[in-house]
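> next one to model:
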Amino acid sequence: MTKPCLLWIRRDLRTTDHEALAAACKRGGPVIPVFIRDDSVTGLGAAPALRLDLGLAAFAARLKEKGSRLILRSGNPLEVLRDLAKETGAGAVYWQRLYDPAAIKRDSRVKTALREDGLDAESFAGHLLFEPWTVETGQGGFYKVYSPFWKAVRGRDVGPALSAPSDIPAPDAWPDSEALADWQLSAPMRRGRAVVAAHVTPGEQAAQQQLALFARDRIADYKDQRDFPDREGTSDLSHHLTVGEISPRQCWHAGWRALEEGKPGAETFLKEVVWREFAYHLMYHSPHILTRNWREDWDGFDWREEDDARVLAWKQGRTGVAFVDAAMRELFVTGRMHNRARMIVASYLTKHMLVHWKIGQAWFEDCLVDWDPASNAMGWQWVAGSGPDAAPYFRIFNPETQAEKFDPKARYRRRWLAEGQSDPGPEALSFYEAAPLSWGLSPGDAPPRALVDLKAGRERALAAYSSLKEQG
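This next block holds a predicted model:
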């Protein structure tokens with residue numbers, strides 16, 4: 001009988017379109033899925049850790065339906081995998097790749113060591129449509145601008161999504177597993193756990209249902225509706241993608257089917273799938289985007305780096321700018337934020353307030369259930385101007401004119417802001433259930449005064465950018 005294969009699970013909490021799982025099943029022997037709580041897990045922000053907790057529970061239940069189990073262990077991945085290989089007599093370890101610098105370093109070390117031990121250690125694609133090293137410019141380098149990247153991959157062949165195995169071969173005896181409840185992954189959420197969890201439907205079955213609903217009911221109008229935060233115009237797939245409950249390949253094929261059916265918003269959706277690819281392309285080829293200015297000429301820009309009372313007001317949704325504040329409340333209650341709103345709150349922080357993008361990046365890293373290292377870093381730098389943007393100097397979002405255009409009836413703002421309303425709704429009030437008691441906030445508080453005069457803030461930002469250009 002073929003020796004067991006350890007299936008090292010990371011950001012791929014699904015059984016459908018899972019290259020490593022399919023390969024492990026094809027070997028013919030037992031497959032033992034294992035998730036390891038290492039530094040990459042214990043270092044997660046509060047909301048991403050909550051989302052992972054919910055996702056792992058759903059994935060374990062899915063494996064049980066397939067006659068399998070999810071083994072949980074803690075520690076250094078190489079040591080854990082070596083111990084499990086000895087315990088189970090495994091002859092192979094398979095996993096799907098990740099692309100951040102820390103994961104690449106860790107996985108390379110694990111693969112080399114396991115192969116030296118005589119194990120068949122193999123990694124597979126699956127978190128992206130295109131491996132970052134397979135997309136090159138005509139000169140052989142990597143793409144630094146999105147539009148030519150999109151043109152380069154739009155017509156590429158993407159293989160069919162793999163079906164889930166009907167059952168997963170199990171070993172005669174399962175190794176011991178730690179208990180997910182004992183990990184207390186969601187403990188850092190404290191008061192906010194129940195509030196945010198109520199807005200998350202985890203699991204690959206939920207993800208596939210959401211994709212089907214989007215393709216049926218929303219994708220045709222996606223281009224026209226996706227910028228309005230008071231409407232259900234987006235796919236709502238980002239939190240499923242970040243933990244791998246659905247694959248980008250499934251999203252890609254759904255988008256193309258809709259395009260072939262003549263649904264006009266489908267190409268815009270496909271471009272958004274590729275925007276995620278572009279973020280990973282940049283992170284892989286220029287990993288410094290995670291921690292410092294992607295454009296080195298921005299190192300001299302005079303951003304404020306103090307996480308002070310004014311920044312706290314931004315985090316609390318008390319800037320006095322209703323659109324910004326509503327978005328920050330949505331983030332704290334749901335763990336997500338509408339994409340249009342993300343650009344506005346990021347622009348307000350980095351341009352009107354002239355606060356360093358790294359402070360906003362860190363807050364999102366702690367508060368987003370759909371946190372993704374590549375997308376978060378690129379998004380913040382794109383808005384701030386230090387990243388891959390063709391016109392960073394001129395783009396300063398005015399949150400009031402943005403509200404007039406994208407929330408003309410103020411439904412989004414009323415939905416999330418209790419201050420000033422005689423009868424605020426449950427979602428506006430739920431912010432106070434989640435907010436730390438130390439903030440001392442109450443729905444009866446008066447609406448906050450504006451932190452920054454928008455016109456003066458814009459002029460100050462433009463002056464700072466002019467100075468930077470003159471220095472360059």
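> pLDDT weak spots in the stretch 151-300 of the chain?
Under the criterion pLDDT under 70, no range of the stretch 151-300 of the chain is flagged.
> can you pull out the helices in it?
For the stretch 151-300 of the chain, the helices defined by DSSP state H, counting those that start in this stretch occupy 180-183, 192-197, 204-213, 222-225, 238-242, 248-260, 266-285.
> return the most buried member of the ones you listed.
Mean neighbours per residue, mean count of other CB atoms under 10 Å, is largest over the helices of the stretch 151-300 of the chain for helix 238-242, with a mean of 24. Backbone N, C-alpha and C define where each C-beta goes, glycine included.
> adding distance to residue 11, write the helices of the stretch 151-300 of the chain out as TSV.
Below are the helices of the stretch 151-300 of the chain laid out as TSV (distance: least, CB to CB, whole Å):
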stretch	distance to residue 11
helix 180-183	17
helix 192-197	20
helix 204-213	13
helix 222-225	25
helix 238-242	7
helix 248-260	12
helix 266-285	12
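> between those, which gets nearest to residue 302?
Checking these against residue 302 by CB to CB gives helix 266-285 as the closest, at 25.0 Å.
> distance from the next helix or strand after that closest one to the middle of the chain?
Beyond helix 266-285 on the C-terminal side, the first helix or strand identified by DSSP states H and E is helix 309-316. Distance of helix 309-316 from its chain centroid, counting by CA atoms, centre = their mean, to the nearest Å, is 23 Å.
> can you list contacts of helix 309-316?
Outside helix 309-316, the residues that touch it by CB atoms under 8 Å, 6 or more residues apart in numbering are 319, 324, 328, 345, 348-349, 353, 355, 359, 363, 435, 439, 441, 448, 451.
> could you do stretch 347-354 as well?
Contacts of stretch 347-354 (CB under 8 Å, 6+ apart): 302-304, 310-311, 314, 319, 321, 324, 355-357, 359-360, 380, 383-385, 395-397, 399, 451-452, 454, 457-458, 460-461, 464.
> residue 178: neighbouring residues, count only.
Other residues near residue 178 come to 13 when the count uses other CB atoms under 10 Å.
> once you drop chain neighbours, what's closest to it?
With sequence-adjacent residues excluded and distances taken as CB to CB, 6 or more residues apart in numbering, residue 178 is closest to residue 72, at 4.4 Å.
> would you map out the domains in the protein?
1-125, 128-158+201-285, 296-471 (automatic domain parsing).
> mind checking those for the one nearest to residue 185?
Checking those against residue 185 by CB to CB gives domain 1-125 as the closest, at 3.8 Å.
> drop anything exposed from the contacts of stretch 347-354.
Neighbour counting by 16 or more other CB atoms under 10 Å classes 303, 311, 314, 319, 321, 324, 355-357, 359-360, 380, 383-385, 396-397, 399, 451-452, 454, 457-458, 460-461 among the contacts of stretch 347-354 as buried.
> from the residues you listed, which ones fall inside helices?
311, 314, 324, 357, 359-360, 380, 383-384, 399, 454, 457-458, 460-461 (DSSP state H).
> what are the ranges of the strands in the stretch 101-250 of the chain?
With DSSP state E, counting those that start in this stretch as the criterion, the stretch 101-250 of the chain has strands at 120-124.
> save the domains of the chain as a markdown table, and put in distance to residue 186 too.
Below are these laid out as a markdown table (distance: least, CB to CB, whole Å):
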| stretch | distance to residue 186 |
| --- | --- |
| domain 1-125 | 4 |
| domain 128-158+201-285 | 12 |
| domain 296-471 | 11 |
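> residue 173 is nearest to which of those domains?
Between residue 173 and the domains of the chain, the shortest gap by CB to CB is with domain 1-125, which sits at 8.4 Å.
> per-residue pLDDT, residue 394?
pLDDT recorded at residue 394 is 68.
> likewise for the one 4 residues further on?
At residue 398, the predicted lDDT confidence score is 96.
> of the ones in helices among the buried ones among the contacts of stretch 347-354, which is the nearest to residue 68?
Closest approach between these and residue 68, by CB to CB: residue 380, at 38.9 Å.
> what pairs with the helix or strand hosting the residue nearest to residue 178, parallel or antiparallel?
Assessed by DSSP H and E, residue 72 sits inside strand 71-74. Here strand 71-74 has these sheet partners by DSSP bridges: strand 31-37 (parallel).
> in the very next helix or strand once past the partner strand, what counts as buried?
Downstream of strand 31-37, the next assigned helix or strand under DSSP H and E is helix 39-42. Going by neighbour count (16+ other CB under 10 Å), the buried part of helix 39-42 is 40-41.
> which helices and strands does helix 39-42 pack with?
Packed against helix 39-42 by the contact rule (3 or more CB pairs under 8 Å, 6 or more residues apart in numbering; DSSP states H and E) you find helix 101-116.
> between helix 266-285 and the helix it packs on, find me the angle.
With axes from the mean of the first three to the mean of the last three CA atoms, to 10 degrees applied, the angle from helix 101-116 to helix 266-285 works out at 70 degrees.
> average model confidence for helix 101-116?
98.
> contact partners of that helix?
In this structure, residues lying in contact with helix 101-116 by CB under 8 Å, 6+ apart are 10, 38, 40, 77-78, 81-82, 85, 93, 95, 97-98, 121, 123, 287, 290.
> low-confidence stretches in the stretch 301-450 of the chain?
By pLDDT under 70, the weakly predicted segments of the stretch 301-450 of the chain are 390, 392-394.
> hmm, back to that, which of the ones in helices among the buried ones among the contacts of stretch 347-354 sits closest to residue 372?
Each of those was scored against residue 372 by CB to CB, and residue 380 proved nearest at 11.9 Å.
> what's the closest of the ones in helices among the buried ones among the contacts of stretch 347-354 to residue 339?
Among those, residue 383 lies closest to residue 339 (CB to CB), at 11.2 Å.
> distance of that closest one from residue 212?
32 Å (CB to CB, to the nearest Å).
> ok, now residue 184?
Residue 184 sits at a distance of 34 Å from residue 212 (criterion: CB to CB).
> cool, residue 295 as well?
As judged by CB to CB, residue 295 and residue 212 stand 41 Å apart.
> rewinding a little: mind checking which of the domains of the chain is nearest residue 179?
domain 1-125 (7.3 Å).
> follow-up on the earlier one: nearest to residue 176, of the domains of the chain?
The minimum distance between residue 176 and the domains of the chain falls on domain 1-125, with 8.0 Å, by CB to CB.
> chain center to that closest one, what's the gap?
Taking CA atoms, centre = their mean, the mean C-alpha location of domain 1-125 is offset from the chain mean by 20 Å.
> name the residues of the strand holding residue 72 that are buried.
In strand 71-74, counting by 16+ other CB under 10 Å, buried: 71-73.
> in JSON lines, list these along with pLDDT.
JSON lines is the format used below for the buried residues of strand 71-74 (pLDDT from 0 to 100):
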{"residue": "71", "pLDDT": "98"}
{"residue": "72", "pLDDT": "98"}
{"residue": "73", "pLDDT": "98"}
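> of all the residues you listed, which comes closest to residue 268?
Taking CB to CB as the measure, residue 268 sits nearest to residue 72 out of the buried residues of strand 71-74, at 39.7 Å.
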